[in-house]
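K.L.:
Sequence first, predicted coordinates after that:
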Protein chains: 4
Amino acid sequence: MPARTGTMASAATDGDTGAARRPQRADARQNVTALIDAAKTVFAADGVDAPVRSIADRAGVGVGTLYRHFPQRSDLISAVFRSEIDACVDAAPALEAAYPPGEALDLWIMRYTQFVATKRGLAAALHSGDPAYEPLADYFSTHLAPTLERLLAAARAAGDIQQDVDATELLGAVANLSHGGGPGGAVTPRTDRMVRILLAGLRAG
Amino acid sequence: MPARTGTMASAATDGDTGAARRPQRADARQNVTALIDAAKTVFAADGVDAPVRSIADRAGVGVGTLYRHFPQRSDLISAVFRSEIDACVDAAPALEAAYPPGEALDLWIMRYTQFVATKRGLAAALHSGDPAYEPLADYFSTHLAPTLERLLAAARAAGDIQQDVDATELLGAVANLSHGGGPGGAVTPRTDRMVRILLAGLRAG
Amino acid sequence: MPARTGTMASAATDGDTGAARRPQRADARQNVTALIDAAKTVFAADGVDAPVRSIADRAGVGVGTLYRHFPQRSDLISAVFRSEIDACVDAAPALEAAYPPGEALDLWIMRYTQFVATKRGLAAALHSGDPAYEPLADYFSTHLAPTLERLLAAARAAGDIQQDVDATELLGAVANLSHGGGPGGAVTPRTDRMVRILLAGLRAG
Amino acid sequence: MPARTGTMASAATDGDTGAARRPQRADARQNVTALIDAAKTVFAADGVDAPVRSIADRAGVGVGTLYRHFPQRSDLISAVFRSEIDACVDAAPALEAAYPPGEALDLWIMRYTQFVATKRGLAAALHSGDPAYEPLADYFSTHLAPTLERLLAAARAAGDIQQDVDATELLGAVANLSHGGGPGGAVTPRTDRMVRILLAGLRAG
DNA sequence: AATGAATGAGAATTCATTCAT
DNA sequence: CATGAATGAATTCTCATTCAT
């Protein structure tokens, strides 16, 4: 579990006496941020199984600090992905507003594909069965899935798709298809083509 | 220390047919078989990155023996998959003969899915970029791809599919989709559904 | 498992002066020292190719600790030899001050011989061509060679030697001649005799 | 693959009863020769610690055959060197006849140097203290030493050298000095220079 | 006699994780 | 709180040696 100091702290301590303003708290916060940034880079480069040490080094902190904030590797993975997942979720409304449902669906999936492409090992982690990754899978289910669900419903309502498909399943499938992007993590044309075929499949009767 | 073969046991169990003790020479063949069998099981359980030792142990041979027959890990992987790939290839003609092109295509893909489902890490290995796995990728290209190509061509000729898709790419995509089958390696309904959607996508204009 | 330091023992043995228990942090220094001491002994006994493990064991640390401080074997070798090389270098001035050039040269070479005698495999390492040992060879070149160069120049100026000889080459030759000292590492009379002949050779026209 | 037995009996076995004409004897002889040749090459390339297998492979025989003829590694080393030692010994008379004693001594030593230069690890083996190499050391003592002794005595009688030096010791010293020849095994200028200085040392009063 | 398959003991190296400072 | 030293299990790979065929 990541620094659960931060979450409640924000609101609760905001009203604090103005005096205590530069505690160690801010430091810890900075470390957490640095670690997440470092992990983001390292995960993209070497996959989510990269050595803990390389992440700590890149963040400029000791491994002990990493373990303090992220006792489980999956905690770090979750933390890394959470912000990007959130960004992905946040991208939906604009698409929904600007495009017809079917197109919005497609565009959002492509957006999601880009997110997944840089996460080497993400799909493997999600499907590893390792209980440590359950929180991550849950985050998928509770955040991305509802968004996709909504997009799917709209497209279905518009008559664009007939298939009845589970959003979580579809998220997993697209993640799987995105495997094997180059080291840089770019979406390959290959991935792109396959995802499009899958999307086409949703249209079929 | 050499193979502690049960020399005296041989006479007593001479009538025995199949139960091989611990062989030699001509039975290097048997060791190879045992290794492939062991690897098949271990790969299915722990993925293709499982420790060499665990495979050797399960096969009842020393690691040296494993290395003798399969100097590279990819050699073993290839050996394990080759027979199944061949079986997959061999399954095509019957389907082509018995079903209309589009249906034959679908059925063969499902057959292929079953093969891939038990190979944890297969897709990852194929896409790892590690040159050690190139022979394996080649085997895919030279054996499975032509078969699928033929099925695709027939289906296209029959007007079943419009999409122009590369066979190797499609093989990779289906392999990716098949990730995450349970430890047992069965094709999950989830995988099945996603593959069907992909197949449906091939039909779309 | 971390260092099982004898925490409670400390008070009882507080009066103790030198006998370090199993330290930490600041005592990484002590570990380094212990490793160098252990390596010195092991190298003398089994040569510089002795198993890493045996050195770590003798030092009472894990192999990981050894690797932390000396990532390359040559790093350890260098560390072991450096202090002795330095001692060897430091011995020169006194000799130069107390003896005429020719004699000082001879005495210093004998001193150097004593150093080399306990380093089984040192000469082999120096000549192995293995790039890992280049730092060590460099240390020879940059520390011992100048010293010998100076002694040679003085002896030459005094008319003691006519031969024009490269200091590094001569160091290597003497090291080679010193091979085969008993396990104890003492300078054998045999080595002594051969080195003296070589030194005599330097005098010849 | 079994030995390509029966190369057809040689002239040597002609005296045999005409019946028994295709003995294994000739084959074994051939294998021994092939092994020695192979070992000579491999030793020069990789040193006397080269893997047994590489020698057997190069000789085109199984390792079992190697072990049959040379149960100990030192047996093979001895066998390899013996012929060259003999050649070295045989070179002496011609030099003694054609040159004055001092020059003959120098030339023979240089000849010996050439022999040693291609034997990576020979000197180390001689001095390893491993009892397995005693026969080899003995061969040195009983074959090369007397030759050198004779050359030394002649040079001493001619007034060329004053030093009283043990032949075996001198052989060892020159062998040591020859360490570090390039992979090809050529005598390096460095080695040459040092040996010449040693020889000069023999002249000194 | 020859062969080469099999064995398994080493040896090197990496890395997750703990915990003294 | 942070640090990073220490640990040692785990894993890969090599090679000398034996012995069934």
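P.N.:
Looks like it arrived, so ask away.
K.L.:
alpha carbons only for contacts and neighbour counts from here, please
P.N.:
Noted.
K.L.:
how deep is A:Ala94 tucked in, by neighbour count?
P.N.:
Around A:Ala94 there are 11 other residues, counting by other Cα atoms under 10 Å in any protein chain shown.
K.L.:
And the one 5 residues further on, by the same measure?
P.N.:
If you count neighbours by other Cα under 10 Å, A:Tyr99 ends up with 12.
K.L.:
now the one 10 residues further on
P.N.:
Residue crowding around A:Ile109 was assessed by other Cα under 10 Å; the count is 22.
K.L.:
so which helix or strand takes in it?
P.N.:
Assessed by DSSP states H and E, A:Ile109 sits inside helix A:101-117.
K.L.:
same for that helix, what does it pack against?
P.N.:
Packing partners of helix A:101-117 (3 or more Cα pairs under 8 Å, 6 or more residues apart in numbering or on different chains; DSSP states H and E): helix A:73-98, helix A:145-157, helix A:167-177.
K.L.:
Switch these over to JSON lines; also include distance to D:Ala173 and mean pLDDT.
P.N.:
What follows is these, written out as JSON lines (distance: least, Cα to Cα, whole Å; pLDDT from 0 to 100):
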{"stretch": "helix A:73-98", "distance to D:Ala173": "61", "mean pLDDT": "92"}
{"stretch": "helix A:145-157", "distance to D:Ala173": "80", "mean pLDDT": "95"}
{"stretch": "helix A:167-177", "distance to D:Ala173": "68", "mean pLDDT": "91"}
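K.L.:
for those, which one sits closest to chain C?
P.N.:
With respect to chain C, and counting by Cα to the nearest Cα, the nearest of those is helix A:73-98 at 19.9 Å.
K.L.:
just checking, what packs against the closest one?
P.N.:
Helix A:73-98 is packed against helix A:24-46, helix A:101-117, helix A:134-139, helix A:145-157, with contacts defined by 3+ Cα pairs under 8 Å, 6+ apart.
K.L.:
ranking the ones you listed by burial, who's on top?
P.N.:
helix A:101-117 (a mean of 21; mean count of other Cα atoms under 10 Å in any protein chain shown).
K.L.:
tell me the angle that helix makes with helix A:24-46.
P.N.:
Between the axes of helix A:101-117 and helix A:24-46, defined by axes from the mean of the first three to the mean of the last three Cα atoms, to 10 degrees, the angle is 100 degrees.
K.L.:
what pLDDT, on average, does helix A:101-117 get?
P.N.:
Helix A:101-117 carries an average pLDDT of 93.
K.L.:
With just CA atoms, put that helix into CSV.
P.N.:
C-alpha atoms of helix A:101-117 as CSV (Å, rounded to 0.1, in the frame of the first residue of the first chain):
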residue,chain,number,x,y,z
PRO,A,101,-20.8,7.1,-29.9
GLY,A,102,-19.2,4.5,-32.2
GLU,A,103,-16.4,6.8,-33.1
ALA,A,104,-15.9,7.9,-29.5
LEU,A,105,-15.6,4.3,-28.5
ASP,A,106,-12.9,3.6,-31.1
LEU,A,107,-11.0,6.7,-30.3
TRP,A,108,-11.0,5.9,-26.6
ILE,A,109,-9.8,2.4,-27.1
MET,A,110,-7.0,3.7,-29.2
ARG,A,111,-6.2,6.1,-26.3
TYR,A,112,-6.2,3.2,-23.9
THR,A,113,-4.0,1.2,-26.3
GLN,A,114,-1.4,3.9,-26.0
PHE,A,115,-1.5,3.7,-22.3
VAL,A,116,-1.0,0.0,-22.3
ALA,A,117,1.7,0.0,-24.9
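K.L.:
which residues touch it?
P.N.:
The contact list for helix A:101-117 (Cα atoms under 8 Å, 6 or more residues apart in numbering or on different chains) reads A:84-85, A:88, A:91-92, A:95-96, A:98, A:122, A:148, A:151-152, A:154-155, A:158, A:160-161, A:174-175, A:178-179, A:181, A:185-187, A:192, A:199.
K.L.:
Can whichever helix or strand comes after that helix be said to contact chain B?
P.N.:
Later in the chain than helix A:101-117, the nearest helix or strand by DSSP H and E is helix A:122-127. Yes: Helix A:122-127 lies within reach of chain B by Cα under 8 Å from any Cα of the partner chain, at A:Ala124, A:His127.
K.L.:
Who are the packing partners of helix A:122-127?
P.N.:
For helix A:122-127, the elements it packs on are helix A:134-139, helix A:167-177, judged by 3+ Cα pairs under 8 Å, 6+ apart.
K.L.:
I'd like the ones you listed laid out as TSV, including distance to chain C.
P.N.:
What follows is those, written out as TSV (distance: least, Cα to the nearest Cα, whole Å):
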stretch	distance to chain C
helix A:134-139	29
helix A:167-177	37
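K.L.:
which one of these lies closest to chain D?
P.N.:
Taking Cα to the nearest Cα, helix A:167-177 is the member of the helices and strands packed on helix A:122-127 nearest to chain D, at 46.2 Å.
K.L.:
That closest one: which residues count as buried?
P.N.:
Judged by neighbour count using 16 or more other Cα atoms under 10 Å in any protein chain shown, the buried positions of helix A:167-177 are A:Ala167, A:Thr168, A:Glu169, A:Leu170, A:Leu171, A:Gly172, A:Ala173, A:Val174, A:Ala175, A:Asn176, A:Leu177.
K.L.:
which one of those sits closest to A:Asp138?
P.N.:
Relative to A:Asp138, the closest of the buried residues of helix A:167-177 is A:Thr168; by Cα to Cα it sits at 10.0 Å.
K.L.:
By proximity to chain C, which residue of chain A wins?
P.N.:
Going by Cα to the nearest Cα, chain C is nearest to A:Arg53 of chain A, at 13.0 Å.
K.L.:
Once you drop chain neighbours, what's closest to the residue of chain A found nearest chain B?
P.N.:
Nearest residue of chain A to chain B, counting by Cα to the nearest Cα: A:Gly201, 3.3 Å away. Leaving out its chain neighbours, the residue that sits closest to A:Gly201 by Cα to Cα, 6 or more residues apart in numbering or on different chains is B:Gly201, at 3.3 Å.
K.L.:
Give me the three-state assignment for the one you found.
P.N.:
Here B:Gly201 is helix, with the state taken from DSSP: H, G, I helix; E, B strand; the rest coil.
K.L.:
Tell me the buried residues within the contacts of helix A:101-117.
P.N.:
Neighbour-count burial (16+ other Cα under 10 Å) applied to the contacts of helix A:101-117 gives A:84-85, A:88, A:91-92, A:95-96, A:122, A:148, A:151-152, A:154-155, A:160-161, A:174-175, A:178-179, A:181, A:185-187, A:192, A:199.
K.L.:
picking up where we left off before, can you tell me which residues contact the residue of chain A closest to chain B?
P.N.:
By Cα under 8 Å, 6+ apart, the contact list for A:Gly201 reads B:Ile197, B:Leu198, B:Leu199, B:Ala200, B:Gly201, B:Leu202, B:Arg203, B:Ala204.
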